[in-house]
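> Sharing a sequence plus its predicted fold:
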Amino acid sequence: MKRICGKIYLHRNYIPKLDKALQSDIEKAQNFLYLLGDKTPWNCIRIKPLVQVAFQYSPDFDVADEPEVAYTMVILNGKVVIRPSNNNPIWHHKWMWVDSTYKGFDYEASKARSALWKPHVKKSELTKIGNKVYWESIKKRWEQCK
């Protein structure tokens with residue numbers, strides 16, 4: 001699982017590996033979604049412990065090196081709010097969402113990709129690389145190192 005800025009990101013298959021309190025929070029949020037009749041697909045989850053559970057969907061999670069986030073479903077004030085992703089967000093280090101036994105993609109190749117590009121991204125750019133357009137503009141730095 002990936003931890004960043006007080007939030008936990010992981011693929012839905014790994015919810016059982018979380019502690020029981022977080023599993024319970026996710027289950028309550030998921031039940032709430034279904035009680036409201038929302039059957040919108042989701043494959044990843046973002047949790048801010050004690051604050052928020054968000055269900056996220058990336059249509060290319062298993063096939064893209066940096067998967068795109070299509071939308072996020074958040075429960076706010078007793079309603080499910082579906083937020084389409086603006087500004088072309090992408091995720092990095094997708095291997096951190098799963099464990100080495102995950103069958104959807106090559107875990108070791110994903111980990112190696114992170115090791116390839118990370119030294120070429122400046123600290124000042126870390127807040128920008130979650131935008132696909134910006135990411136594409138700097139990829140040539142490490143792609144020539146392959």
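The structure has been received and is ready for your questions.
> list the contacts for the residue lying closest to residue 92 once chain neighbours are set aside?
The shortest distance from residue 92 to any residue other than its chain neighbours is 5.8 Å, reached at residue 66 (Cβ to Cβ, 6 or more residues apart in numbering). (Glycine included, C-beta is placed from N, CA and C.) With contacts defined as Cβ atoms under 8 Å, 6 or more residues apart in numbering, the neighbours of residue 66 are 90-92, 94, 132, 135.
> pLDDT of the lengthiest helix in the chain, averaged?
Selection of the longest helix in the chain by residue count, based on DSSP state H, yields helix 20-35. Helix 20-35 comes out with an average pLDDT of 86.
> So which bits of that helix are buried?
Neighbour-count burial for helix 20-35, with 16 or more other Cβ atoms under 10 Å as criterion, is recorded at 22, 25-26, 29-30, 33.
> orientation of the next helix or strand after that helix relative to helix 20-35 in degrees?
For helix 20-35, the succeeding helix or strand toward the C-terminus, using DSSP states H and E, is strand 44-48. With axes from the mean of the first three to the mean of the last three Cα atoms, to 10 degrees defining the directions, strand 44-48 sits at 120 degrees from helix 20-35.
> Can you list the strands that the helix or strand bottoming out on mean pLDDT in the chain pairs with?
Evaluated with mean pLDDT, DSSP states H and E, the helix-and-strand set of the chain has its lowest mean pLDDT in strand 79-84, which scores a mean of 82. Taking DSSP bridges as the criterion, strand 79-84 pairs within the sheet with strand 71-76 (antiparallel).
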